[in-house]
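**Q** When you get a sec, could you give me coordinates for this:
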Amino acid sequence: MNESRQIMYLKSPELRFFWIFLFVAAILLAADFVYLPPGWTLFHLAILFVLGFVIFWNGYRLAKANITRKTSAGTLESIITNLSDGVIAYDNNFKILVFNNAAENIFHVKKEQVISQKFGPERAGEARFRILTQTLFPTLAPTVVRHTEAGAYPQIIDVSFPGQEFRVSTDRLMDEGGHVLGFVKLIRDRTREVELLRSKSEFITIAAHQLRTPLTAINWIFEGFEKNAAFSKEDKELAVNGLTATRKLLKIVNDLLDVSKIEEGRFGYNFAQTDLVGFMSDVLTNAQAEAKEHGVNLYLDKGSREQVLVTIDQDKLGMAVSNLIDNAIRYNVENGSVTVSVKQLSDGPYVEVVITDTGIGIPPQDMSKVFSKFFRAENVLRRETEGSGLGLYITKNIIDRHGGTIWAESVIDRGTTFHFTLPTDPKLIPQKEVGSGV
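**A** Next up is the predicted model:
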């Protein structure tokens, strides 16, 4: 391998001048041997040797560098060409520089039709280039969902067309001085993936609906048994156990339906201006019965303000906060406490709600997963095996839809603190509900 590479270097164009020089030097030395004294011939030989070595070494280094560069460029081109995701690179004038095989398949356009061509918004009027142009200029696309802030790179968006779903990641091409030379887009065709997720969501929705109807009827039956004075104490205990199990199962079914609606972007929100302090007080009042059953004390810290106005969906946010408080109660210790505080943030138009408990805590390795679907920490599973693991996932989506953020801090056997923010400026609430599962 090394020998063939050395031969490649010697045959390269960069060493062509050296071979010409070697031929001329041989002729000159032959003439020196004929016409000059031996001393002068040796002097000329030394000069020609040094000069030849310099020419050879510079040519050899240049040949090696160029061949290495061409090999790397060829390898990179081969990788880009054979990527399963589409790759499009273009300069600042939107002249297409790179268009790989996957991009050809995604847009049904041949490379020869677009390479070195300039694409502006007006080309969306050409039927064969419409989807390509709308991907290059997402503001022209029918539906766009942004996953990064405007101006941040790489920019990641989902672009939807009839029968096609793309995830597009855009980044800048820059020189060593930091000047932008162009852009590169990585396009992943998510059409099949989205269809599979939608099919799964539809199946869960249909199955949950089919389960909810008989479960509701069973729930009514057990309620009737519980209230029937003719039943013995033992029979009533059985009825209470059946009623409890049915209600837990109904909650799981309802959670599955809520998740399906969230992921399809049709959970449905009705926003209205509300006093957050009074709202939190009502939620805690509703949780008092469960807290008393578990021997946990509830506290509300209103801060320095008696009233904080926010724009919320009371039913949906009530569901989110109830999930947090319910967890804080169920995974607490006897005679433990749950404290809810409300405070206005000084660094922006946001209010922060903090829910602190004295419970079992969340293991450090599980902190990054607490808002994932179906996730339940190991210490929680040991304490209570029942539960869907959907509550915090639903909670996070509700907070996100309100324009806020949520995060958690925890220490094992010391307790957990959940923080979430809500904007006090209604303009910061997302204008449109979008699906979060695809």
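**Q** which residues touch the residue nearest to the spatial centre of the chain?
**A** Central residue of the chain (C-alpha atoms, centre = their mean): residue 147, 7.0 Å from the mean position. Going by C-beta atoms under 8 Å, 6 or more residues apart in numbering, residue 147 touches 156, 157, 158. From N, CA and C alone the C-beta is placed, and that goes for glycine too.
**Q** again, only this time at 7 Å
**A** For residue 147, the contact set (C-beta atoms under 7 Å, 6 or more residues apart in numbering) comprises 156, 157.
**Q** Now it. Its backbone dihedrals?
**A** Dihedral angles of residue 147 (phi, psi; degrees, to the nearest 10) stand at phi -110, psi 0.
**Q** before we move on, what about residue 338?
**A** phi -130, psi 120.
**Q** now residue 408
**A** phi -140, psi 150.
**Q** Relative to residue 116, how far out is it?
**A** Applying C-beta to C-beta, to the nearest Å, the value for residue 408 to residue 116 is 52 Å.
**Q** Who has more neighbours out of the two?
**A** Taking other C-beta atoms under 10 Å, residue 408 and residue 116 do not tie; residue 408 has more neighbours (16 against 8).
**Q** Now that one. Nearest residue, chain neighbours left out?
**A** Nearest non-adjacent residue to residue 408, counting by C-beta to C-beta, 6 or more residues apart in numbering: residue 418, 5.1 Å away.
**Q** ok, now residue 128?
**A** residue 109 is the one closest to residue 128 (C-beta to C-beta, 6+ apart), at 6.5 Å.
**Q** now that neighbour: how far from residue 14?
**A** According to C-beta to C-beta, residue 109 and residue 14 sit 39 Å apart.
**Q** related to what we said a few turns ago, so who does the residue nearest to residue 128 touch?
**A** Residue 109 sits next to 128, 129, 132 when contact means C-beta under 7 Å, 6+ apart.
**Q** Now, those residues that are in strands?
**A** Using DSSP state E, no member of the contacts of residue 109 falls within strands.
**Q** in the stretch 51-200 of the chain, which spans are strands?
**A** Per DSSP state E, counting those that start in this stretch, the stretch 51-200 of the chain carries strands over the ranges 86-91, 96-99, 143-146, 155-161, 164-174, 180-189.
**Q** got the buried residues for the third one?
**A** Yep, that's strand 143-146 we're talking about. Burial within strand 143-146, assessed by neighbour count using 16 or more other C-beta atoms under 10 Å, is assigned to residue 145.
**Q** Likewise for the fifth one?
**A** Within strand 164-174, the residues scored as buried using 16+ other C-beta under 10 Å are 165, 166, 167, 168, 169, 170, 173.
**Q** That strand packs against which elements?
**A** strand 155-161, strand 180-189, helix 191-227 (3 or more C-beta pairs under 7 Å, 6 or more residues apart in numbering; DSSP states H and E).
**Q** worst average pLDDT in those?
**A** Note on those: helix 191-227 shows the lowest mean pLDDT, a mean of 81.
**Q** how near is residue 306 to residue 275?
**A** 9 Å.
**Q** To clarify, my last question referred to residue 101.
**A** From residue 101 to residue 275 the distance is 59 Å (C-beta to C-beta).
**Q** Also residue 378?
**A** Per C-beta to C-beta, residue 378 is found 40 Å from residue 275.
**Q** Compare these two and say which is more crowded by neighbours.
**A** Using other C-beta under 10 Å, the more surrounded residue of residue 378 and residue 275 is residue 275, with 14 against 11.
**Q** The nearest residue in space to the more buried one that is not next to it in sequence is in what secondary structure piece?
**A** Excluding its sequence neighbours, the residue lying closest to residue 275 (C-beta to C-beta, 6+ apart) is residue 307, at 5.0 Å. Assigned by DSSP states H and E, residue 307 falls within no helix or strand.
**Q** How many neighbouring residues does residue 307 have?
**A** Number of residues near residue 307 (other C-beta under 10 Å) recorded here: 9.
**Q** isn't it right next to residue 276, touching?
**A** No. Using C-beta atoms under 7 Å, residue 307 is not in contact with residue 276; the gap is 8.2 Å.
**Q** What separation do you get for the residue nearest to the centre of the chain and residue 164?
**A** For residue 147 relative to residue 164 (C-beta to C-beta), the value is 18 Å.
**Q** what do you get for residue 262?
**A** In terms of C-beta to C-beta, residue 262 sits 24 Å off from residue 164.
**Q** Same check on residue 271?
**A** Here residue 271 is placed at a distance of 33 Å from residue 164 (C-beta to C-beta).
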